[in-house]
Every structure is written in structure tokens, then in C-alpha cells.
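> Give me coordinates for this.
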Amino acid sequence: MRHNKKFNHLGRTASHRSAMLANMACSLIKHKRITTTVAKAKALKKYVEPLLTKAKNDTTNSRRVVFSNLQDKYAVTELFKEISVKIADRPGGYTRIIKLGRRKDDAAEMCFIELVDYDENMAKEKTAKKATRTRRSKKSAAAAEPAAPAVETPVEEAPKAE
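Below you'll find the model as predicted:
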């Protein structure tokens, strides 16, 4: 019986699997988004999220723990200098998996996994949603009224220039 054995082996030996996850984690840290299969992305998410949490506390011990998992100086430096600053206030959920469909060759489910704070498209949508929420409030309605005469001023100047 395989009770309580929830680890996905990905059809690899333990050493191959750990090396693959470390390489994928380094690629994710360097490029902020990678394309892979859904099974590998889910395994990578479980592997990299604790490392990102560890990177929020910049101590010598946490750097050593992360380096022992990644084995890449550049990735560790990038993680502690740039990424940890962006994820400092986030309580978890540092990565996002978005499915892309099936691969043509072997019909494997493909997806991309990305760091949440580095996606510009999603960030633009969030700011647009926040703007719509503030427009409905009373404070922004009062702020919108002075903006209306400012728009009318250039219209009045255009006929005077003729």
C-alpha cells in the first residue's frame, strides 16, 4: 500500500530529479518565467516556494541553505538582491502556473510557471481594476470634478489660436 506517499517521482531517479528541479529553479529565478509540463511545474512549485520564503530573511544561514539546494551563485545573488525585495510583503504564493494546452509531439499538458510579481500584464490589469474601484468611491468622484475643467481648458484655447 502506498498510504501517505504523495511525492511525484516524475519517472526519474532521486538524484536526477533533484538535479532537474534545481536547474529548473535556477532558470525560473533567472528568467522569471519558464515553459514546462504541468507535472514538472507542480513539482517545481513545491520545490521553489520554500526557497523563496527562506530568501526573505537575508542571513548567512539562509543563503547557505538556498545555495545548497540551487548550486548556482548567480541565481542565489539574484534571489536575495532583487526577488526578495519584491516578495517581501507577500505571505506566500510566489509562483503562478498557467496552462497552455497540449504539446503536439506527445500530447503532454504544457504550461508556464512564473514569478507572480514579475508579470507586467497581470500587474497592469490589477492597477486598472484598482482604478475602477476608486472611481466609484466618493473621494475619487470629487477628484474627477476638478479634472473635467482641465480637459475643457485646451478645447477653449484651440479656437482662440485660430
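
> How many neighbouring residues does Arg90 have?
Using other C-beta atoms under 10 Å, Arg90 is surrounded by 13 other residues. Placement of C-beta: from N, CA and C, glycine included.

> Verify the stated contact: it with Val116.
Yes - contact criterion C-beta atoms under 8 Å: Arg90 and Val116 qualify, at 7.4 Å.

> which residues sit in contact with the closest residue to Ala108 other than its chain neighbours?
Spatial nearest neighbour of Ala108, chain neighbours left out: Thr37 (5.0 Å); criterion: C-beta to C-beta, 6 or more residues apart in numbering. Residues near Thr37 by C-beta atoms under 8 Å, 6 or more residues apart in numbering: 103, 108-111.

> List only buried entries from those.
Neighbour-count burial (16 or more other C-beta atoms under 10 Å) applied to the contacts of Thr37 gives 110-111.

> on that earlier part again, now the residue nearest to Ala108: how far from Lys5?
Per C-beta to C-beta, to the nearest Å, Thr37 is found 21 Å from Lys5.

> circling back to that earlier point, per-residue confidence for the residue nearest to Ala108?
Model confidence at Thr37, given as pLDDT, is 97.

> now the one 5 residues further on
For Lys42, the pLDDT comes out at 96.

> Can you tell me what sits against the helix or strand harbouring it?
In this structure, Lys42 sits in helix 38-55 according to DSSP states H and E. Identification of contacts with helix 38-55 by C-beta under 8 Å, 6+ apart yields 8, 10, 17, 20-21, 24-25, 28-29, 36, 62, 65-66, 69-70, 79-80, 83-84, 87, 92-95, 97, 99, 109-113.

> same thing but at 7 Å, please
Residues outside helix 38-55 that contact it (C-beta atoms under 7 Å, 6 or more residues apart in numbering): 8, 10, 21, 24-25, 28, 62, 65-66, 69, 79-80, 83-84, 87, 94-95, 97, 99, 109, 111, 113.

> do stretch 82-92 as well
For stretch 82-92, the surrounding residues in contact (C-beta under 7 Å, 6+ apart) are 29, 52, 55-56, 58, 94, 115, 117.
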